[in-house]
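1. The following comprises the amino acid sequence and a computationally predicted model.
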Amino acid sequence: NGLRLSGTHGEKHPYLDLVTTGFIEKIDVITNPSVAMDPDGMGGIINIILKNDIVDGFHSSTSLTFGNHKRYNGLLMLSYKKRKMEFELSGFAKSDFSALNSDREYEWQYDSFSLGSIQKKSTTGNPLTGGINLGSTLTFSDWSSLHIGSFITAFDHSSRDSIQHYFPVEYHMTSNDNKRGWNLDVSVIHVLKFSDDNSLTTTAAIAQSGEHQKDINDRSSNGIGPDDHSHIYQDDAIETKEFKSVYKIQSPRFGMVQGGISYASLAINSELEYLHSPYGFDFHEPVSSGYLRAQKSLKSRLSSLSAGIRIEQRKTNTGVYDIGLPDSHQHTDTSNVFVALIDSSIANSPPTEKALYFYPELKTGYTFMDKKLSIIMKYGRRINRLKLAMINPFPVSMIDEYHVRKGNPFLKPELVDIYQISFS
């Protein structure tokens with residue numbers, strides 16, 4: 001309903017598992033949003049408009065589906081509305097299953113020789129997720145309303161990877177991975193209307209999450225070279241805070257004028273234990289911004305005009321470090337490729353950075369042939385903000401030393417300029 005889902009989640013917010021098609025009025029896809037909306041997201045914004053025709057009384061809805069491989073999805077929604085009060089309680093539980101088999105062939109080319117590798121990989125996963133949403137809306141008068149919402153989820157994801165190397169050395173590797181954790185989101189939204197064309201909306205939200213991951217890797221060399229067995233532990237703690245205030249007013253001369261200020265912060269702490277050696281990664285990014293926008297409808301061939309500017313200041317603090325242990329507990333292996341990659345990140349830990357970004361907006365609409373043809377031209381700018389998987393210097397998986405994926409703590413946000421022309 002025009003409000004960005006807060007939280008510490010990844011690409012898909014688990015709140016979407018609570019939204020069934022029966023509660024959706026329509027879905028708007030905004031490929032080039034205005035400066036009034038958060039500029040994060042290269043592809044734009046998906047706005048899910050929910051139905052708002054609930055009558056007074058008690059309402060309930062439930063659904064339950066089953067599938068093979070122990071897959072199920074259960075949903076329960078309860079709501080109560082009486083005059084100016086509305087309460088909602090909903091929950092879901094979901095079990096899924098995935099499987100992937102692939103044959104992989106690689107070749108590394110050096111100056112004087114090349115090295116090939118033939119592998120067969122299989123992956124299975126069984127993610128379990130559950131969540132509870134509790135919210136209430138209080139309408140104090142025709143000019144003032146308050147919404148309070150909370151959402152908590154818990155998850156337990158298990159997966160198994162198996163890689164069979166056939167060439168140049170034959171050996172078999174398996175990895176049993178288990179991730180479990182929780183997320184908690186709390187938000188408060190207050191709307192104050194001074195008149196039908198004059199309002200102030202204030203939003204405050206905080207979200208926290210914790211995740212524990214355990215990997216058990218085994219390597220069997222079929223009699224060629226030593227076997228290997230290792231345990232890897234990783235803990236992630238993420239916190240986001242957000243405050244936003246938006247003021248709108250209808251001006252006879254400039255049309256709809258709105259302005260707003262916002263502050264958001266992202267804090268990440270990640271700890272990894274590999275080969276009995278603990279490492280730490282900290283990331284903190286506060287973002288302050290403000291915007292001003294005007295939109296006006298005209299009665300000429302130039303049918304509409306809107307312009308705006310958002311200014312944003314971003315500060316980044318990043319640190320990659322060893323967690324000290326007594327000398328008797330140190331097990332340093334400088335020949336290990338994973339240790340070498342982490343040590344390289346520690347030696348080149350990025351410094352504190354400050355950056356200022358500008359997001360301009362300009363939109364014009366023209367009509368021709370007695371308003372039978374319209375042309376809209378728009379320019380805007382978006383940003384792809386950093387996420388944990390992008391910047392975490394710890395390897396995503398340590399099952400295969402030939403193919404290592406890890407984040408880059410030196411990574412900077414990506415900016416894109418969007419030029420759009422539409423005809424109707």
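-> That came through, no problem.
2. which strand is the longest one in this protein?
-> Longest strand of the chain, by residue count under DSSP state E: strand 114-141.
3. ok, now which ones touch Arg382?
-> 33, 39-42, 44, 359, 415-416, 418 (C-beta atoms under 8 Å, 6 or more residues apart in numbering). Every C-beta, even on glycine, is put in place using the N, C-alpha and C of the backbone.
4. which among the residues you listed end up buried?
-> 33, 39, 41, 359 (16 or more other C-beta atoms under 10 Å).
5. who does the spatially closest residue to the third one that is not a sequence neighbour bridge with?
-> Leaving out its chain neighbours, the residue that sits closest to Gly41 by C-beta to C-beta, 6 or more residues apart in numbering is Arg382, at 6.4 Å. Each beta-bridge partner of Arg382 is listed here: Val416, as defined by DSSP bridges.
6. Point out where the stretch 301-424 of the chain drops to low pLDDT.
-> Within the stretch 301-424 of the chain, the stretches with pLDDT under 70 are 325-335.
7. Quick check: pLDDT value at the closest residue to Arg385 other than its chain neighbours.
-> Closest residue in space to Arg385, ignoring its immediate chain neighbours: Asp40 at 4.8 Å, by C-beta to C-beta, 6+ apart. The confidence metric pLDDT takes the value 83 at Asp40.
8. Hmm, Asp40 is touching Lys387, no?
-> No - with contact defined as C-beta atoms under 8 Å, Asp40 does not count as touching Lys387 (9.9 Å).
9. What ranges does this structure have for its helices?
-> Secondary structure of the chain by DSSP state H: the helices cover 337-347, 388-391.
10. Can I get those helices in JSON lines including distance to Leu302?
-> Below are the helices of the chain laid out as JSON lines (distance: least, C-beta to C-beta, whole Å):
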{"stretch": "helix 337-347", "distance to Leu302": "54"}
{"stretch": "helix 388-391", "distance to Leu302": "42"}
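11. can you list the ones you listed in JSON lines and add distance to Phe283 and mean neighbour count?
-> Listed next are the helices of the chain as JSON lines, based on distance: least, C-beta to C-beta, whole Å; neighbours: other C-beta atoms under 10 Å:
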{"stretch": "helix 337-347", "distance to Phe283": "12", "mean neighbour count": "15"}
{"stretch": "helix 388-391", "distance to Phe283": "6", "mean neighbour count": "16"}
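12. Would you mind telling me which of those helices is nearest Gly91?
-> Nearest of these to Gly91, taken as C-beta to C-beta: helix 388-391 at 26.6 Å.
13. what does that closest one contact?
-> Helix 388-391 is contacted from outside by 10, 236, 238, 268, 270, 283, 318, 396, 407-409, 411, using C-beta under 8 Å, 6+ apart.
14. one step back: of all the helices of the chain, which lies closest to Ala204?
-> Nearest to Ala204, of all those, is helix 388-391, at 23.3 Å by C-beta to C-beta.
15. thought Leu115 was touching Pro168?
-> Yes - if you go by C-beta under 8 Å, Leu115 and Pro168 touch, sitting 6.9 Å apart.
16. So between the two, which is more surrounded?
-> When Leu115 and Pro168 are compared for neighbours, Leu115 comes out ahead with 12 against 9, by other C-beta atoms under 10 Å.
17. tally of neighbours for the closest residue to that one other than its chain neighbours?
-> Of all residues not flanking Leu115 in the chain, Trp108 sits nearest, at 4.6 Å (C-beta to C-beta, 6+ apart). Neighbourhood size, Trp108 [other C-beta under 10 Å]: 10.
18. Do I have it right that Trp108 meets Pro168?
-> No - applying C-beta under 8 Å, one finds Trp108 not in contact with Pro168, separated by 10.7 Å.
19. Now do the shared contacts for those two.
-> With C-beta under 8 Å, 6+ apart as the test, Trp108 and Pro168 both reach 115-117.
20. and of those residues, the nearest to Lys372?
-> Proximity of the shared contacts of Trp108 and Pro168 to Lys372 (C-beta to C-beta) peaks at Ser117, which lies at 62.5 Å.
21. Tell me if I'm right that the closest one and His165 touch.
-> Yes - Ser117 lies in contact with His165 (C-beta under 8 Å); the separation is 6.9 Å.
22. between those two, who's got more neighbours?
-> Under the neighbour definition other C-beta under 10 Å, Ser117 and His165 were set side by side, and His165 has more, 21 against 17.
23. Can you give me the pLDDT of the more buried one?
-> Predicted confidence (pLDDT) for His165: 78.
24. and it, how far is that from Arg104?
-> Distance of His165 to Arg104, given as C-beta to C-beta, to the nearest Å: 10 Å.
25. Please apply the same query to Ser300.
-> In this view, Ser300 and Arg104 are 62 Å apart by C-beta to C-beta.
26. okay, these two: which has more neighbours?
-> A side-by-side neighbour count of Ser300 and Arg104, using other C-beta under 10 Å, places Arg104 first with 14 against 7.
27. Does the more buried one touch Gln119 like I think?
-> Yes - counting by C-beta under 8 Å, Arg104 touches Gln119, with 4.5 Å between them.
28. remind me which residues of the stretch 151-300 of the chain are low pLDDT?
-> Scanning the stretch 151-300 of the chain with the threshold set as pLDDT under 70 gives 221-228.
29. now with 80?
-> The model of the stretch 151-300 of the chain has pLDDT under 80 over residues 165-171, 219-230, 274-277, 299-300.
30. Tell me where the stretch 101-250 of the chain has strands.
-> Along the stretch 101-250 of the chain, the segments classed as strands by DSSP state E, counting those that start in this stretch run 114-141, 144-167, 171-195, 198-220, 228-251.
31. Pull the most distant pair out of the contacts of helix 388-391.
-> Gly10 and Thr318 (19.8 Å).
32. more neighbours, the two?
-> Under the criterion of other C-beta under 10 Å, the comparison of Gly10 against Thr318 puts Thr318 first, with 22 against 10.
33. which residues does the more buried one contact?
-> Contacts of Thr318 (C-beta under 8 Å, 6+ apart): 282-284, 349-350, 352, 391, 409.
34. bridging residues for it?
-> Going by DSSP bridges, Thr318 forms beta bridges with Phe283.
35. try Ser306
-> What pairs with Ser306, by the bridge criterion (DSSP bridges), is Gln295, Lys363.
36. these two touch, right, it and Ile376?
-> No - using C-beta under 8 Å, Ser306 is not in contact with Ile376; the gap is 10.4 Å.
37. Done for today, thanks.
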